[in-house]
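> Provided below for reference: sequence and predicted model.
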Amino acid sequence: MTGTGPFSPAHGPKARDHRVAAVTKKGARRAAWAPFVAGAAALLLSALSAVVGSSSAADGNVFAVAAVVVATGVLAGVAYRLEFVRRDRRREDDESVLGARLDALFGAPDEASPDTRDPLSRLDAVGDELRRLREIAEGVHGVEALFEDERVAWISPSIERLTGWRPADCVAAPDALALLVHESDRAYCLRMAQRVADGAAGEDFEMRLVHDDGSICWVACHWRPLGDCSAKPLRLRMSAEDIQGRKETEYKLLETVTELRRAQALRERYLSRSNDERQRLAALLNVIRLGILFMDRDHRVLYYNRAMLRIWGFGPDENLIGVRDVVIQNRVAPLLEQPEAYFEHIEGVLHQQGVSEPYEIHMRDGRTVTDISAVVEAAQGRRWIGRVWIYEDVTEQRQIAQRMVELAERDPLTNLFNRRRFHEELDRLLADAERRGVKVGLVAIDLDGFKPINDKFGHQAGDEVLIGLAHEVGAVIRRNEMFFRLGGDEFAVLVADTREADLRELARRLLDVIGTRRFVFAGETVGVTASLGLATFPCHADCAERLIAVADEAMYCSKNRGRNRWTLAGQDGESDRMQRLESD
């Protein structure tokens, strides 16, 4: 700030000003005696002139000259004294005016302190006060400005720190507000100043100041009136505080809040989509027939579907969330045929990391359930988060599979093993007999008199005959004997680990049960007999095909010899017509 401003000092330091005032008073006192000294000097000069003139001129002329000189000196002294008195009175008047102005500015002086009544002392005090005010003004962080009729009369030096404009530039500008205030805020700033000028209370507001390089700085402003607003010229004070840091913080906070709101909106959107996806997944898992159970790392239930409750006998409203696995095991143990074996299976699966092998669980109610388990891996290479168990009730599938096997191996009419199963069992028995060194017997059976019944009474009657004979013969078949229907009215019996005597005894039983069975169709009683062919491995054949062939030859031999008899392969005289003996 230059020395020409309103806060510039008018005097030097206080001590020096006191010395100057003392010298001035001492000179004034000496000047009061100057006329008398001058008159005395003039009188002495006149006397000296008279002495000198007495020696060279007449006495009357000398005294006349001396009188004139003395009179002139006296008059000159009186004039000088009068001028000095006038000036002294003028100085006193000036001091009175100065004191009055000081009183008007700072109030009446304190009577108890003589120094405060002296205008020069008061001027010294004013100088000190002005110096302090100047130091304060230079140290003000905000901006202070005085306006008179919309022009800047004074502005604090801090304006240069905020905007780069010097105070002198602002004072010299015809419109300081146009120079300093951003054009978007200028009208509002003037409107607020006008409100204060109209007598309204000032309000804090924010606006932007323009830097000399074009950048902006936010400030908080307040207009205040100075003196009477009705006085002319109008004087207003504007105070501005730098809030650029706060504004930047607010902007950053606003950006952060905006980002948080955007993130929250995205999170809510993703959460909504996740909930929708979860509902769809839950609906999907609840309609499938597979039971699903999720367990966490602490072996507690995280999720289950309805099929899981149904498979394990829980009610549809059962809540298993948070239940430990040991509690569930204790509840399902009564449902299992072998609970200890199943729990050992679970313990072994828990020590595996991959997918477990399917395991069949047999229930006491006859159901068959399979389970399979796998570890649920966490995302981004973290540790696993739990394990999933999948259960399936395969009772129906097993029954269907068993039925399919039965359909493939059994005759649909008589439910006896069919030709396919006959060949499988024959190969198995021959392999076992060859390994153990035992015999396998084959009895080939062909019904006698079946075709006339079928032709006379129809196929339904023929089927009834076949079903009845299958039931009657099956009743006399022993544990080591297997009864087959090869097709039409052809049957066969395989006997494992047998002897020829056992085959003969079996043939007698077969002929007896077949020959004694009677059927009634259309009021007529009918019956059938059988022709049997007997053969053993390895006595009569060394392979399955040969064994079947020799048994058929023996069976046809029985037919040719009159039917209702059995024939042992290779022994034509062995077979006779079946007679019921006392011993039988």
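Happy to help now that I have it.

> for stretch 433-447, how far is the first residue from the last?
Using C-alpha to C-alpha, to the nearest Å, the end-to-end distance of stretch 433-447 comes to 29 Å.

> Kindly report the same for stretch 540-549.
With C-alpha to C-alpha, one end of stretch 540-549 sits 10 Å from the other.

> Relative to the whole chain's centre, how far out is it?
79 Å (C-alpha atoms, centre = their mean, to the nearest Å).

> Can you list the low-confidence ranges for the stretch 1-150 of the chain?
1-71, 73, 75, 102-120, 137, 139 (pLDDT under 70).

> Kindly recompute the last result at 80.
1-86, 88-89, 91-141, 149-150 (pLDDT under 80).

> go on, the stretch 301-450 of the chain?
Short version for the stretch 301-450 of the chain, where the test is pLDDT under 80: 378-384, 405-407.

> In three-state terms, label residue 493 for me.
On the three-state scheme (DSSP: H, G, I helix; E, B strand; the rest coil), residue 493 is labelled strand.

> Who are the contact partners of it?
441-443, 445, 477, 481-484, 506, 510 (C-beta atoms under 8 Å, 6 or more residues apart in numbering). C-beta here means a position set from N, CA and C on the backbone, and glycine is covered the same way.

> Let me know the distance separating it from residue 256.
Plainly put, residue 493 is 93 Å away from residue 256 if you go by C-beta to C-beta, to the nearest Å.

> in stretch 399-414, what counts as buried?
Using 16 or more other C-beta atoms under 10 Å as the test for burial, stretch 399-414 gives 409-411, 414.

> Check what contacts that stretch and list those residues.
416-418, 420-421, 424, 463, 466-467, 470, 485.

> Show me those that map onto helices.
420-421, 424, 463, 466-467, 470 (DSSP state H).

> need the helices for the stretch 151-300 of the chain, in chain order.
158-163, 167-172, 176-180, 183-197, 244-287 (DSSP state H, counting those that start in this stretch).

> Kindly report the same for the stretch 351-500 of the chain.
395-409, 419-436, 450-457, 459-476, 500-515.

> Does anything pack onto the next helix or strand after the last one? Which helices or strands?
The one in question is helix 500-515. Next in sequence after helix 500-515, counting helices and strands by DSSP states H and E, comes strand 518-521. Applying 3 or more C-beta pairs under 8 Å, 6 or more residues apart in numbering; DSSP states H and E, one finds that strand 518-521 makes contact with helix 450-457, helix 459-476, strand 524-527.

> out of the ones you listed, which comes closest to residue 218?
Relative to residue 218, the nearest member of the helices and strands packed on strand 518-521 by C-beta to C-beta is helix 459-476, separated by 106.5 Å.

> quick check, distance from the closest one to the centre of its chain.
76 Å.

> ok, now stretch 213-232?
49 Å.

> residues of it that come out buried?
216-221, 223, 225.

> that older thread, could I get the buried residues of stretch 399-414 in CSV, plus columns for distance to residue 236?
Formatted as CSV, the buried residues of stretch 399-414 follow (distance: C-beta to C-beta, whole Å):
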residue, distance to residue 236
409, 115
410, 116
411, 120
414, 123
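
> between those, which is closest to residue 541?
Of the buried residues of stretch 399-414, the one sitting nearest to residue 541 (C-beta to C-beta) turns out to be residue 409, at 24.1 Å.

> Count the neighbours of the closest residue to residue 311 other than its chain neighbours for me.
Nearest residue to residue 311, sequence neighbours excluded (C-beta to C-beta, 6 or more residues apart in numbering): residue 291, at 4.4 Å. Other residues lying near residue 291 total 22 when counted by other C-beta atoms under 10 Å.

> Residue 331 and residue 309: what is the separation?
Taken as C-beta to C-beta, the span from residue 331 to residue 309 is 12 Å.

> Next, the closest residue to residue 434 other than its chain neighbours: phi, psi?
Take residue 434 and drop its neighbours on the chain: the residue closest to it by C-beta to C-beta, 6+ apart is residue 538, 7.6 Å away. The phi/psi pair for residue 538 (degrees, to the nearest 10) reads phi -100, psi 20.

> Would you agree residue 538 is in contact with residue 437?
No. Look at residue 538 against residue 437 with C-beta atoms under 8 Å: they stay out of range, at 9.4 Å.

> Between those two, which is the more surrounded one?
A side-by-side neighbour count of residue 538 and residue 437, using other C-beta under 10 Å, places residue 538 first with 16 against 7.

> Identify the residues contacting the more buried one.
433-434, 439.

> hmm, which of the residues you listed are the buried ones?
433, 439.

> Just give me the closest of the contacts of residue 538 to residue 566.
residue 439 (17.2 Å).

> next one: phi and psi at the closest one?
phi -110, psi 150.

> one step back: how close does the residue nearest to residue 434 get to residue 326?
Residue 538 is 60 Å from residue 326, by C-beta to C-beta.

> Which positions in stretch 142-153 come out as buried?
Result for stretch 142-153 [16+ other C-beta under 10 Å]: buried residues 142-147, 151-153.

> Counting only strands, which of the residues you listed make the cut?
143-147, 151-153 (DSSP state E).

> Can you add distance to residue 252 and give these back as CSV?
Converted to CSV, these look like this (distance: C-beta to C-beta, whole Å):
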residue, distance to residue 252
143, 25
144, 29
145, 30
146, 35
147, 34
151, 38
152, 34
153, 38
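
> Any chance of a markdown table for the contacts of residue 493, columns distance to residue 355 and neighbour count?
As requested, the contacts of residue 493 are exported to a markdown table (distance: C-beta to C-beta, whole Å; neighbours: other C-beta atoms under 10 Å):
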| residue | distance to residue 355 | neighbour count |
| --- | --- | --- |
| 441 | 49 | 29 |
| 442 | 48 | 29 |
| 443 | 51 | 24 |
| 445 | 52 | 27 |
| 477 | 46 | 17 |
| 481 | 46 | 17 |
| 482 | 41 | 19 |
| 483 | 45 | 20 |
| 484 | 43 | 25 |
| 506 | 53 | 22 |
| 510 | 54 | 24 |
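
> Out of those, which comes closest to residue 378?
residue 482 (57.8 Å).

> That closest one against residue 425, yeah?
Yes. Contact between residue 482 and residue 425 holds when scored by C-beta under 8 Å: they sit 5.9 Å apart.

> list residues touching both of these two?
With C-beta under 8 Å, 6+ apart as the test, residue 482 and residue 425 both reach 417, 494.

> Enumerate every residue touching residue 395.
366-369.

> rewinding a little: only whichever of the contacts of stretch 399-414 are buried, select them in ChimeraX.
Here is the ChimeraX command that picks out the buried ones among the contacts of stretch 399-414, judged by 16+ other C-beta under 10 Å:
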select :416,417,418,421,466,470,485
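
> Quick check: the farthest pair among the contacts of stretch 399-414?
Of all pairs in the contacts of stretch 399-414, the most separated under C-beta to C-beta is 424 and 463 at 25.6 Å.

> in stretch 279-299, what's buried?
285, 291-295.

> And for stretch 348-362?
349, 356, 359, 361.

> got these as a markdown table, with distance to residue 248 columns?
Converted to a markdown table, the buried residues of stretch 348-362 look like this (distance: C-beta to C-beta, whole Å):
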| residue | distance to residue 248 |
| --- | --- |
| 349 | 61 |
| 356 | 61 |
| 359 | 67 |
| 361 | 69 |
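
> So which of those residues belong to strands?
Counting by DSSP E, the buried residues of stretch 348-362 contribute 359, 361 to strands.

> Closest one to residue 338 out of the buried residues of stretch 348-362, please.
After measuring these against residue 338 - C-beta to C-beta - the closest member comes out as residue 361, at 8.8 Å.
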